[in-house]
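Enquirer: sharing a model prediction with you, sequence too.
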There are 2 protein chains.
Amino acid sequence: MSLRHALLALLNINPQSGYDLAQRFSTSLEYVWRASHSQIYPELRRLEQEGLVKATEVGRGERATKREYGLTAAGCQAIEDWIDAVVPPPYERSVPHLRAMYLEYASFDTARRQFQVHLSHYRHLKTGWEHHLEDVRARTTDLMQLRLAQTRPQAHDAVAAYKVHMYEGLIARADVEIAWALRGLELVDTLEKDAGLEPGERVTSPIPSYPDPTDAPPSAPPTSA
Amino acid sequence: MSLRHALLALLNINPQSGYDLAQRFSTSLEYVWRASHSQIYPELRRLEQEGLVKATEVGRGERATKREYGLTAAGCQAIEDWIDAVVPPPYERSVPHLRAMYLEYASFDTARRQFQVHLSHYRHLKTGWEHHLEDVRARTTDLMQLRLAQTRPQAHDAVAAYKVHMYEGLIARADVEIAWALRGLELVDTLEKDAGLEPGERVTSPIPSYPDPTDAPPSAPPTSA
DNA sequence: TTACTCATGTAAGTAGTTACATGATTCC
DNA sequence: GGAATCATGTAACTACTTACATGAGTAA
């Protein structure tokens, strides 16, 4: 139920079309919340049906039109209800961490590659967030300008400060992931020195309970019980 | 596609029923990967159909039975393929961070409450992970004992070290979230001092583009274009 | 006999992804 | 005329959540 609130919050800054919102998600909000147009358009229709937004058909060119959405009073109320709601953060699942739990099934080279993609992924995210942080600090982006223009001056510091704090939080997240990956790489090196395995050899391999009979004559009978 | 690999990895440690696996997820794996029985049972059936696991009906009591699943050779291959696959980590969405981005719509008290639930959530997760880390370090849990018993001694250090590293990673994650929440609480205090708002007053409120006509006579006409 | 654990499912709904599909506009 | 962009959708699929449903075994 967060996409709708991201949409409402963006629409409160300025009325926009679904296309504009999709652009926002893939640029300004790129690294905070992602949503594809195929998710945005139906959600806007639902919001409209529920009376939280209202659309205006706007002409463009000769024949074409677009639908610009703006907040209704109910939509504003929905934002306030959302920000007031106290819900514990959802539990997260980390695929890389699950994988790391079973890296003994990999060769050291594979383990290294796993940590390397983790590293470059979060380095990439970090630079994106750092750029956004600069933008928010400088208050130069059109989004921040629009947001501040509609807010009374006494609130400007808070509006910016919360966004700065959020980006700092995301950057700190990236930093731990980067540090974790680097320590992972060191760990692999250490383990490799002590292990004396062939290059590419797995540290250990999974053992079937039911060896495949078609593949090779089983050395041991199926151990079921 | 990670649940199935979590299941395969657990089944490689020892053959188990769906019920046993659900227990593992809600205790040992509690804070690493969550899955409810309603997700596990159908997935086991799919794995069985694909030939990655094989079930044995085991009697219990007079009339009842249970299905114990074990890995086939194809299942072992699936684990190896999974650990070898290099896929970038999925992009994550953080509801608390999205909310933090728009905390100016909240009162300072509400903002504080938001950071407080964040704080206690990650403190709770951290203690859980710390216990698991101790267990892995001591190598005393039945899960670790089983795992090590089936692994050649030279690999024992790696098996434990990867798990230690994973839990350290999760704990580091929790630490940044805790630090972030604490800095958030400080930020709210700072902003509150400078703002001079009534207790419970919102820093700013969303403004409708389309004021609700039924609610009150609009002070301004609907600003659509 | 009652309550708790063991055991296995289905159904409905939410959230999100990828791919398919279409057509106007604008700029070169 | 062709390519890029603007603009809006649908369909199929995956992953996961919550609730509904059932029944046997075990210990007080």
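Expert: Arrived safely. Numbers count the residues shown, from 1 in each chain, chains lettered A, B, ... in the order given.

Enquirer: what is the rounded mean pLDDT of the helix or strand A:D81 falls within?
Expert: Assigned by DSSP states H and E, A:D81 belongs to helix A:73-84. Mean pLDDT, helix A:73-84: 98.

Enquirer: show me which positions of it end up buried.
Expert: A:73-79, A:82-83 (16 or more other CB atoms under 10 Å in any protein chain shown). C-beta: built from backbone N, CA, C; applies to glycine.

Enquirer: same check on stretch A:193-203?
Expert: For stretch A:193-203, by 16+ other CB under 10 Å, it's A:197, A:202-203.

Enquirer: of these, closest to DNA strand C?
Expert: A:R202 (29.0 Å; CB to the nearest atom of the strand).

Enquirer: mind listing what the closest one touches?
Expert: A:104-107, B:80 (CB atoms under 8 Å, 6 or more residues apart in numbering or on different chains).

Enquirer: just the pLDDT for A:A216.
Expert: 55.

Enquirer: I meant A:P211, not that one.
Expert: A:P211 is given a pLDDT of 86.

Enquirer: doesn't B:A73 make contact with it?
Expert: Yes. A:P211 is in contact with B:A73 according to CB atoms under 8 Å; the separation is 5.8 Å.

Enquirer: got the buried residues for the lowest-mean-pLDDT helix or strand in chain A?
Expert: Every helix and strand of chain A was ranked by mean pLDDT, DSSP states H and E. The lowest is helix A:142-149, at a mean of 92. Within helix A:142-149, the residues that count as buried by 16+ other CB under 10 Å are A:143-144, A:147.

Enquirer: name the helices or strands packed onto it?
Expert: helix A:3-13, helix A:156-195 (3 or more CB pairs under 8 Å, 6 or more residues apart in numbering or on different chains; DSSP states H and E).

Enquirer: from the middle of its chain, how far away would that helix be?
Expert: Between the centre of helix A:142-149 and the centre of its chain there are 24 Å (CA atoms, centre = their mean, to the nearest Å).

Enquirer: with just CA atoms, put it into CSV.
Expert: Listed in CSV are the C-alpha atoms of helix A:142-149, where the atom choice follows Å, rounded to 0.1, in the frame of the first residue of the first chain:
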residue,chain,number,x,y,z
ASP,A,142,12.6,21.6,-9.7
LEU,A,143,11.0,19.1,-7.3
MET,A,144,12.4,20.8,-4.2
GLN,A,145,11.7,24.3,-5.7
LEU,A,146,8.0,23.4,-6.3
ARG,A,147,7.8,21.8,-2.9
LEU,A,148,9.2,24.8,-1.1
ALA,A,149,7.2,27.2,-3.1
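
Enquirer: relative to helix A:3-13, how tilted is that helix?
Expert: Compare the direction of helix A:142-149 with that of helix A:3-13 by axes from the mean of the first three to the mean of the last three CA atoms, to 10 degrees and you get 70 degrees.

Enquirer: is any residue of stretch A:54-63 near DNA strand C?
Expert: Yes. If you take CB under 7 Å from any atom of the strand as the test, stretch A:54-63 does meet DNA strand C, through A:60-63.
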